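Student: Sharing a model that was predicted from the sequence below.
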Amino acid sequence: MNKVLTLAKRPVGKPALSDFNFIDETKPSPAEGEMLLEAAYVSVDPYMRGRMNDAKSYVPPFELNKPMEGAIVAKVAESKNPDFAAGDYVLGSLKWKQFQVSDGAGLRKVDAALAPLSAYLGILGMTGLTAYMGLSLIGKPQAGETLVVSGAAGAVGSVAGQIGKIKGCRVVGIAGSDEKVAQLTSKFGFDAGINYKTTDDMAAAIAEKCPEGVDVYFDNVAGEIADGVHQNMNRFGRIINCGAIANYNDTSAPTGPRVESMLIKKSVRMQGFIVFNYEDKYPEAIQQLARWLKQGSLESSETVVAGFENIPQAFLDLFAGRNNGKMVVKV
């Protein structure tokens, strides 16, 4: 049999295990031109929370009682496709199934000899690309500037901060525990860190750690943390809106300080983006990330959860901050 993970109901507020359902299907067989894929590593990501709502967005919502999907590294178990051989590993957006058939559309081969397979879901995958694109194309950090990263111990944030250091910036990261803050400086080379859970006044904490103000803010969380950073932005600063995990489980529209006056007075640019905006730049970005990784300029961090049956809990753990770096499930 073939285990499949479906969306049982749309969550209200914070998702729960009861929002997911496992079903068994007959293991499929590939037709001519197809191949049978066996999931090896499954990516769980905060953006998936938005797809659980029945709302229009940049990607269609998940359908009720249908398999969820996301980035997966899979092994070709059987092939009747001339472009792929049994034993190959591929990366693509696939259903949350242990086994599935594919004609190869939208898949690319990955090499387990060049990097661990899980890295293609993290630092060499969507999360690494997100950090690279957002920082390089929107933030455009310059040597000597100050970069602040929220969600800094997460998959995207840890890479964004390291790229900032490569670019010659002073980098301050915001994370949710003393352990994570220590990791930012000891492992990822950040200059300083802030534990938002033990900080009562974020604006004051940013001012202390960034005495010359903030030139670039890579925002993964929004909410009150962003409010505090905004108060410390320098003239001609750049704000990269990558994620808003603080608001993903809200049941009503969030309210807070208005940013328009700050943007005008300080000539600050604020831009949201999704990584898919820059698909044409993926090859060069992957090559650069791979070079930095090989040179030792980038450190990869991931939390690996074992077992297909643990995908829902791994997803929920993202919102409790139980991950260090990229969260992946090893099937």
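Tutor: That came through, no problem. None of the values given here were measured: they were computed from a predicted structure.

Student: any chance you could map the strands in the stretch 1-150 of the chain?
Tutor: Secondary structure of the stretch 1-150 of the chain (DSSP state E, counting those that start in this stretch): strands located at 2-7, 20-25, 35-43, 69-79, 89-95, 99-102, 108-110, 146-150.

Student: For the second one, what does the pLDDT average out to?
Tutor: By that I understand strand 20-25. What strand 20-25 shows for mean pLDDT is 97.

Student: could we number from 711 for the rest of this?
Tutor: Got it, first residue is 711 now, which makes that one strand 730-735.

Student: Can you list the strands that that strand pairs with?
Tutor: strand 712-717 (antiparallel) (DSSP bridges).

Student: For the partner strand, could you pull out the residues that count as buried?
Tutor: The neighbour-count check on strand 712-717 (16 or more other Cβ atoms under 10 Å) flags 713-717 as buried. Every C-beta, even on glycine, is put in place using the N, C-alpha and C of the backbone.

Student: For the longest helix along the chain, give me every contacting residue.
Tutor: The longest helix of the chain (DSSP state H) is helix 992-1005. Defining contact as Cβ atoms under 8 Å, 6 or more residues apart in numbering, one finds that helix 992-1005 is touched by 824-825, 829, 833-834, 838-839, 842-843, 846, 869, 872-873, 876, 988, 1008, 1010.

Student: Going through these, which ones are buried?
Tutor: For the contacts of helix 992-1005, buried by 16+ other Cβ under 10 Å: 825, 829, 833-834, 838-839, 842-843, 846, 869, 872-873, 876, 988, 1008, 1010.

Student: Closest one to S896 out of the residues you listed, please.
Tutor: S896 lies nearest to Q872 out of these, by Cβ to Cβ, at 12.9 Å.

Student: picking that back up, could I get the buried residues of strand 712-717 in TSV, plus columns for distance to K907 and pLDDT?
Tutor: TSV is the format used below for the buried residues of strand 712-717 (distance: Cβ to Cβ, whole Å; pLDDT from 0 to 100):
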residue	distance to K907	pLDDT
K713	36	97
V714	37	98
L715	31	98
T716	34	98
L717	30	98
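
Student: Now do the contacts for T716.
Tutor: Per Cβ under 8 Å, 6+ apart, neighbours of T716: 730-733, 775-778, 806.

Student: The buried ones among the contacts of helix 992-1005 in helices, which ones?
Tutor: 838-839, 842-843, 869, 872-873, 876.

Student: Can you tell me the closest non-neighbouring residue to Q1023?
Tutor: L727 (6.8 Å; Cβ to Cβ, 6 or more residues apart in numbering).

Student: Can I have the buried ones of the contacts of T716 as a PyMOL selection?
Tutor: Here is the PyMOL command that selects the buried residues among these (16+ other Cβ under 10 Å):
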select buried, resi 730+777+778+806
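
Student: Good, wrapping up.
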